[in-house]
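# Here is my input, please return the structure:
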Amino acid sequence: MIKLRSPQIRISFQRAADKTALLAFALGLALSLAAPGAGAKDREDENKLDRGRHHELKCDDTMKDEFRPDSLTAVLLVKAFKKGDALTLSAPTPNTPVALNDVCVVKLLVGPGNPGPAGAPSTSAGIGIEIWLPAPENWNSRIHVTGGGGWAGGNQTSLTVLTGAGGFAGTNPAPSIIATVEGAVSANTDTGHTIGNGSFAMNPDGSINAVLWNDFAQRGIHEMAVKSKEITKAYYGQPAKYSYWDGFSTGGRQGHKLAQLHPDDFDGILAGAPAFNWTRFITNELYPQIVARRDLGGVPLSIGQLTLLGNAAINACDVVNAQHLGYIPDPSECRYDPAQDLSVICAANGGGNTANCVTPLQAQAMNKTWFGQTRDGTAPPPSADNSWSVHVDGNHLWYGLARGSNMAALAGTNPFSIATDLVALEMQNPALATSSFVNATGNGANGWKNLSYGQLADAFDQGLILQSSFADINTDDADLRPFRRSGGKMIIYHGLADILIMPQGSINYYERVIRGMGGLHEVQKFYRLFLIPGMTHGIGNGTPNPNANPPLPGIAGADGVADGTTQLYDVLTGWVEKGIAPRRIDIFSAVTTTFPVAKSRPICAYPKKGTYVGGDVNVASSYVCVDSRGGHGHGHGNDDDDDDD
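Coordinates of the predicted model:
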């Protein structure tokens with residue numbers, strides 16, 4: 001019996017007299033249902049005809065003429081590699097990676113760029129994009145692109161260098177691995193400049209290069225998303241089924257910018273240690289050096305002293321069930337104060353005789369560094385404020401790195417050059433940067449050394465004032481409603497022993513999203529945050545304790561699944577493609593000769609934390625995820641999660 005009111009077939013008849021048409025329709029439908037094989041063959045023939053009509057791109061120089069999505073885009077290079085070929089555009093070396101499957105590499109240039117004197121850092125031909133296309137028979141119907149790091153410049157327009165050729169290790173695998181092992185289309189971009197420092201963002205006359213700030217902040221990554229989709233459809237004859245962003249640090253900021261400004265670009269975004277709040281936290285990255293200049297006569301704490309104080313903080317705050325973990329599981333609860341710890345104070349100041357001991361003044365300098373930038377260079381005792389409040393305001397400008405993290409990158413002998421570059425750009429004075437900063441009005445001259453606390457605070461303020469000129473590089477818009485409406489899913493993760501970007505900044509942003517978008521329950525339907533104890537700025541040990549060996553998310557090739565992807569990327573694709581929202585993720589330490597027994601622990605969707613309930617402190621089953629604050633109306637006492645759809 002044929003039911004014309006089936007939900008698959010809805011027909012409206014305006015006139016009851018159209019009985020003849022109705023009878024003919026019913027007869028035709030009955031015949032088609034009686035011979036399903038014939039219908040399937042007809043559809044197959046039709047699909048073949050459609051494919052025949054569509055001229056798919058070939059991996060050769062014909063693509064230079066045939067792929068022209070717009071007047072600003074040019075194909076610079078097309079190169080096919082067979083399985084086993086050396087992935088290089090020049091002579092291979094013993095360390096040159098090889099193609100693990102057939103792959104096609106395409107380099108694009110997207111204009112208009114920024115005109116200017118030849119050789120000037122601010123002169124640009126446009127945005128370089130390098131795209132890796134798996135062989136059609138190996139394509140998994142995904143696009144999986146990677147983000148940049150630091151200032152995100154690169155060799156994507158070079159005809160002699162493959163930027164995306166690499167290996168498995170890292171926060172995300174190289175595009176070559178993504179294309180040849182996972183089987184997804186991959187890409188990366190130079191975001192409009194080739195140099196690795198901030199000189200590109202200043203015009204030769206010392207003014208702000210707003211064009212390249214915009215390419216760096218958002219246009220480069222959006223063009224990569226658009227062009228990756230267009231070339232995918234042209235090469236395979238059909239669009240990708242799913243599209244993913246995978247980035248860390250600057251790449252994490254880029255992922256958030258796409259969600260905020262281009263919410264339809266990606267179905268899923270994996271954003272590690274995001275460098276949003278860009279001018280806030282990067283200006284603040286210079287603060288430890290200013291503390292040393294102003295308080296310690298220009299002599300920073302030695303690596304030995306930084307290690308002593310970092311490990312003293314760990315020893316005070318890493319205890320679970322009367323056992324030391326070797327890393328701090330929850331630095332928000334750590335209020336270690338070296339100024340009150342005589343075991344690290346030198347004997348001449350009333351302490352012990354510990355090697356690498358510190359003076360009370362040095363101990364207070366360490367407290368200032370852990371607290372983060374203030375306008376006047378002061379810091380409260382950690383018993384009153386350990387820099388883990390959700391918000392910063394007033395005298396406190398930004399957070400310091402967590403106690404128990406390795407401080408050498410920011411508080412060591414040399415400043416972090418991205419910070420000195422940014423301060424020079426904020427104050428529009430290249431002399432404040434290090435010598436690597438180049439400009440026609442004058443190069444970097446280490447003028448940062450003479451900054452007072454007040455002057456560094458002025459730079460912080462200028463960074464906020466100049467956001468429109470910097471293309472809103474702070475990427476701190478907490479309204480993700482367009483991304484939610486698009487159906488996208490995003491996972492943000494951050495190491496609690498990050499040595500460059502303060503994890504409190506990720507919590508600050510996530511809490512702002514919660515407040516502005518209807519509460520935790522609504523936000524966790526599409527956006528979840530995971531904090532990882534002991535993890536550095538990358539997948540590794542971020543503590544000064546070489547024996548910490550904290551459990552970490554699995555990297556590609558070492559996560560127990562031979563699919564060329566990372567553990568967290570697999571969690572994201574499971575959420576997007578199967579609707580499995582991540583509540584708890586069990587992570588493990590690698591088994592090595594030095595560490596023959598794997599540790600494990602859970603990481604929990606914020607605001608829940610892995611809470612010990614009994615058993616081996618280094619085994620994940622000994623923990624449950626609990627929101628100890630009972631915040632946002634969700635006082636869960638175990639791993640049950642009512643924040644899902």
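# how's this protein carved up into domains?
Listed domain ranges for the chain are 1-53, 63-240, 509-633 (source: automatic domain parsing).
# List phi and psi for the closest residue to His193 other than its chain neighbours.
Leaving aside its chain neighbours, His193 sits nearest to Phe200 (4.0 Å; criterion: Cβ to Cβ, 6 or more residues apart in numbering). (Glycine included, C-beta is placed from N, CA and C.) With angles defined as degrees, to the nearest 10, Phe200 sits at phi -60, psi -30.
# Touching, Phe200 and Ala120? I think so.
No. Applying Cβ atoms under 8 Å as the test, Phe200 and Ala120 come out as separate, 9.0 Å apart.
# between the two, who's got more neighbours?
Set Phe200 next to Ala120 and count neighbours by other Cβ atoms under 10 Å: Phe200 wins out with 27 against 19.
# For the more buried one, give me its contacts.
121-122, 124, 151, 153, 192-193, 209, 212, 216 (Cβ atoms under 8 Å, 6 or more residues apart in numbering).
# Please, where are all the strands along the stretch 1-150 of the chain?
73-81, 103-110, 127-134, 142-146 (DSSP state E, counting those that start in this stretch).
# Just the buried residues of the contacts of Phe200.
Among the contacts of Phe200, those classed as buried by neighbour count (16 or more other Cβ atoms under 10 Å) are 121-122, 124, 151, 153, 192-193, 209, 212, 216.
# returning to what we had before: closest to Arg481 out of the domains of the chain?
Each of these was scored for nearness to Arg481 using Cβ to Cβ, and the closest is domain 509-633 (6.6 Å).
# so how far is that closest one from its chain's centroid?
Centre-to-centre, domain 509-633 and its host chain are 15 Å apart (Cα atoms, centre = their mean, to the nearest Å).
# cool, stretch 471-483 as well?
How far stretch 471-483 lies from its chain's middle: 15 Å, per Cα atoms, centre = their mean.
# Got the phi and psi for Ile603?
Ile603 adopts backbone torsions of phi -110, psi 140, taken as degrees, to the nearest 10.
# Apart from its neighbours in sequence, what residue is nearest it?
Closest residue to Ile603 in three dimensions, ignoring its sequence neighbours and counting by Cβ to Cβ, 6+ apart: Phe530, at 4.7 Å.
# Likewise for Val226?
Asp265 (7.5 Å).
# Spell out the secondary structure type for the one you found.
Following DSSP: H, G, I helix; E, B strand; the rest coil, Asp265 is assigned to coil.
# Count residues in the vicinity of it, would you?
Count around Asp265 with other Cβ under 10 Å applied: 24.
# mind checking how far it is from Ser228?
For Asp265, the distance to Ser228 equals 9 Å [Cβ to Cβ, to the nearest Å].
# Which neighbours do these two have in common?
By Cβ under 8 Å, 6+ apart, the residues touching both Asp265 and Ser228 are Ser243.
# Report the contact partners of the residue nearest to Cys104 when sequence neighbours are not counted.
What sits nearest to Cys104 in space, not counting adjacent residues and going by Cβ to Cβ, 6+ apart, is Cys59, at 3.7 Å. Each residue near Cys59 by Cβ under 8 Å, 6+ apart is listed here: 78-80, 104, 133, 235.
# which pair in those residues spans the largest distance?
For those, the farthest-apart pair by Cβ to Cβ is Lys79 and Tyr235; their separation is 13.9 Å.
# shared neighbours of these two, which are they?
59, 104.
# you'd agree Ala292 is in a strand?
No. Using three-state DSSP, the assignment for Ala292 is helix, not a strand.
# pretty sure it contacts Ala365?
Yes. If you go by Cβ under 8 Å, Ala292 and Ala365 touch, sitting 6.9 Å apart.
# follow-up on the earlier one: just put the contacts of Phe200 in a markdown table and tack on pLDDT and distance to Trp398.
Output for those, formatted as a markdown table (pLDDT from 0 to 100; distance: Cβ to Cβ, whole Å):
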| residue | pLDDT | distance to Trp398 |
| --- | --- | --- |
| Pro121 | 97 | 28 |
| Ser122 | 98 | 28 |
| Ser124 | 98 | 31 |
| Trp151 | 98 | 20 |
| Gly153 | 97 | 25 |
| Gly192 | 98 | 27 |
| His193 | 98 | 26 |
| Asn209 | 98 | 25 |
| Leu212 | 98 | 25 |
| Phe216 | 98 | 21 |
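# Show me those that map onto helices.
Cross-referencing these against helices under DSSP state H gives Leu212.
# thought Leu480 was touching Gly518?
No. Counting by Cβ under 8 Å, Leu480 does not reach Gly518; the two are 11.1 Å apart.
# Please identify which of those two sits among more neighbours.
Comparing Leu480 with Gly518 by other Cβ under 10 Å, the one with more neighbours is Leu480, at 21 against 13.
# Now do the buried residues in stretch 285-304.
Under 16+ other Cβ under 10 Å, the buried positions of stretch 285-304 are 285-294, 300-301, 303.
# Just the mean pLDDT for it, thanks.
The pLDDT scores in stretch 285-304 average 98.
# what about it, how long is it end to end?
One end of stretch 285-304 to the other measures 21 Å (Cα to Cα, to the nearest Å).
# Show me what that stretch is in contact with.
309, 355-356, 358, 361-362, 364-366, 368-369, 372-373, 377, 400, 407-408, 410-413, 415-416, 418-420, 423, 448-449, 451-453, 456, 500.
# How far off centre is that stretch?
Between the centre of stretch 285-304 and the centre of its host chain there is 29 Å, according to Cα atoms, centre = their mean.
# How about stretch 86-97?
Relative to its chain's centre, stretch 86-97 lies at 28 Å (Cα atoms, centre = their mean).
# start to end distance for it?
Using Cα to Cα, the end-to-end distance of stretch 86-97 comes to 6 Å.
# same thing with stretch 67-85?
Note: stretch 67-85 ends 25 Å apart using Cα to Cα.
# For stretch 568-588, which residues meet the burial criterion?
For stretch 568-588, a neighbour-count test (16+ other Cβ under 10 Å) marks 568-573, 575-576, 581-585, 587-588 as buried.
# which residues of the stretch 451-600 of the chain fall in strands?
Remark: strands assigned in the stretch 451-600 of the chain by DSSP E, counting those that start in this stretch are 489-495, 527-532, 584-588, 600-604.
# and Asn545, which of these is closest to it?
Minimum separation from Asn545 across those (Cβ to Cβ) falls at strand 489-495, 14.5 Å.
# May I have the strands that pair with the closest one, each with its orientation?
According to DSSP bridges, strand 489-495 forms sheet pairs with strand 268-272 (parallel), strand 527-532 (parallel).
# okay, those, which one's buried deepest?
strand 268-272 (a mean of 29; mean count of other Cβ atoms under 10 Å).
# Check what contacts that strand and list those residues.
Here strand 268-272 makes contact (Cβ under 8 Å, 6+ apart) with 171-172, 242-249, 251-253, 255-256, 258-259, 488-494, 568-569, 572-573, 575-576.
# same deal with stretch 168-177?
For stretch 168-177, the external contacting residues (Cβ under 8 Å, 6+ apart) are 87, 97, 99-100, 103, 130, 132, 145-147, 162, 164-167, 178, 181-182, 186-188, 246-248, 251, 270, 272, 538-539, 555-558, 564-566, 569.
# Could you turn the buried ones of those into a PyMOL selection?
To isolate the buried members of the contacts of stretch 168-177 in PyMOL, using 16+ other Cβ under 10 Å:
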select buried, resi 87+97+99+103+130+132+145+146+147+162+164+165+166+178+181+182+186+187+188+246+247+248+251+270+272+538+539+555+556+557+558+564+565+566+569
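# Filter the contacts of stretch 168-177 down to just the ones in helices.
Taking DSSP H, the ones among the contacts of stretch 168-177 that sit in helices are 251, 569.
# and the contacts of stretch 285-304, which are buried?
With neighbours counted by 16+ other Cβ under 10 Å, the contacts of stretch 285-304 contain buried members at 309, 358, 362, 364-366, 368-369, 372-373, 377, 400, 407-408, 410-412, 415-416, 418-420, 423, 448, 451, 453, 456, 500.
# So which of those sit within helices?
Using DSSP H, 309, 362, 364-366, 368-369, 408, 410-411, 418-420, 423, 453, 456 are the members of those that sit in helices.
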